[in-house]
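*Asks:* Next input, structure requested:
(one chain, ligands or ions: 1)
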Amino acid sequence: MKARRPLIAGNWKMNGFAVAGTHLAGALVGRAAEDPDIAADIVVCPPATLLAPVGEMLRGTIIALGGQDCHPEPSGAHTGDIAAEMLADLACDFVIVGHSERRADHGETDAVVRSKAEAAARAGLIAIICVGETEAQRDSGEALEVVRAQVRGSVPDGATAESVVLAYEPVWAIGTGKVAQPSDVAEMHAAIRQEIRGLIPDADALRILYGGSVKPDNAAQLLALEDVDGALVGGASLKADDFWAIAKTCG
Ligand code: PGA
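*Replies:* Sure thing, here's the model as predicted:
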């Protein structure tokens with residue numbers, strides 16, 4: 001068994017109407033009841049519209065609740081945004097920040113991502129900070145430096161392995177069915193670990209997740225890599241059987 005307890009995070013993205021979303025949550029609650037000793041921490045991040053009902057269903061189970069984004073400020077005139085404190089108020093324990101879709105769709109810079117991670121810490125949430133290179137950056141040999149710079153720019157001062165999780169998600173592997181080569185994933189995770197040593201005191205305890213087309217049939221190989229401490233799962237997290245099968249590869 002690995003020294004760091006794996007984290008399997010489901011990112012539902014902008015998917016899930018009331019009926020289907022609560023149905024999915026119900027199926028996960030059922031799997032969790034059958035597998036109370038599963039060797040991973042598990043969190044699901046539904047869309048904001050479903051946080052309250054799904055949170056109610058997860059209460060008392062081994063599955064934690066997370067948001068997909070938060071605003072840096074605790075309250076105020078920010079129409080449409082959600083404060084980290086509001087997520088905590090709904091019993092979230094986690095929040096994803098800096099997902100590549102937010103970096104691309106909303107122009108989020110490393111500085112913005114860092115301020116969101118700071119907001120998460122202020123609210124007592126664990127920030128899952130996402131980093132990852134584009135296909136063009138990988139093709140031009142810049143992937144390691146791009147991701148190391150994102151780590152330096154996005155991880156707040158004072159962060160610890162208790163308050164943040166990193167997620168390496170190559171942009172070109174997200175939702176495409178293209179999975180990074182295990183050797184490339186291993187190299188990147190080792191580089192992230194090395195970078196984080198200069199930033200947080202307990203770098204060896206920090207969990208670094210891989211994300212990007214993780215499925216039941218490739219999860220075991222990826223999760224066996226030394227510095228891969230879990231997965232951030234998009235598409236496959238919308239099917240209870242697939243998500244649970246991924247989590248079960250942790251033992
Ligand atoms: P995917 O998404 O598993 O559908 O590739 C991963 C993510 O974006 O977190």
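*Asks:* how close does the nearest residue in space to Trp172 that is not next to it in sequence get to the ligand?
*Replies:* Excluding the flanking residues, the one nearest Trp172 by C-beta to C-beta, 6 or more residues apart in numbering is Glu135, at 3.7 Å. Where you see a C-beta, it was placed from the backbone N, CA and C, and this is true even at glycine. Separation of Glu135 from the ligand (C-beta to the nearest ligand atom, to the nearest Å): 14 Å.
*Asks:* What values do phi and psi take at Glu135?
*Replies:* The phi/psi pair for Glu135 (degrees, to the nearest 10) reads phi -60, psi -40.
*Asks:* again with Val233
*Replies:* phi -110, psi 120.
*Asks:* tell me which strands and helices the host helix or strand of Arg114 is in contact with?
*Replies:* According to DSSP states H and E, Arg114 maps onto helix 110-122. On a contact count with 3 or more C-beta pairs under 8 Å, 6 or more residues apart in numbering; DSSP states H and E, helix 110-122 meets helix 84-89, strand 94-97, strand 126-131, helix 143-154.
*Asks:* switch the cut-off to 6 Å
*Replies:* strand 94-97, strand 126-131, helix 143-154 (3 or more C-beta pairs under 6 Å, 6 or more residues apart in numbering; DSSP states H and E).
*Asks:* ok, Met188 to the ligand distance?
*Replies:* From Met188 to the ligand the distance is 15 Å (C-beta to the nearest ligand atom).
*Asks:* So that residue, which state does it fall into?
*Replies:* Here Met188 is helix, with the state taken from DSSP: H, G, I helix; E, B strand; the rest coil.
*Asks:* Let me know the distance separating the residue lying closest to it once chain neighbours are set aside from the ligand.
*Replies:* Spatial nearest neighbour of Met188, chain neighbours left out: Tyr168 (5.5 Å); criterion: C-beta to C-beta, 6+ apart. Noted for Tyr168: a distance of 11 Å to the ligand, by C-beta to the nearest ligand atom.
*Asks:* what's in contact with the helix holding Arg114?
*Replies:* For helix 110-122, the surrounding residues in contact (C-beta atoms under 6 Å, 6 or more residues apart in numbering) are 70, 72, 84, 95, 97-98, 127, 129, 150, 153-154, 156, 163.
*Asks:* Tell me where the stretch 151-251 of the chain has helices.
*Replies:* Using DSSP state H, counting those that start in this stretch, the helices of the stretch 151-251 of the chain run over 182-197, 216-223, 240-248.
*Asks:* so can I have a markdown table of these showing mean neighbour count and mean pLDDT?
*Replies:* Shown next, in a markdown table, are those (neighbours: other C-beta atoms under 10 Å; pLDDT from 0 to 100):
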| stretch | mean neighbour count | mean pLDDT |
| --- | --- | --- |
| helix 182-197 | 18 | 97 |
| helix 216-223 | 18 | 97 |
| helix 240-248 | 21 | 98 |
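*Asks:* Nearest approach to Glu56 belongs to which of these?
*Replies:* helix 240-248 (17.6 Å; C-beta to C-beta).
*Asks:* Skipping its backbone neighbours, what lies nearest Asp163 in space?
*Replies:* Check again: residue 163 is Ser, not Asp. Ala121 (5.0 Å).
*Asks:* Could you report the pLDDT at the one you found?
*Replies:* Ala121 carries a pLDDT score of 98 in this model.
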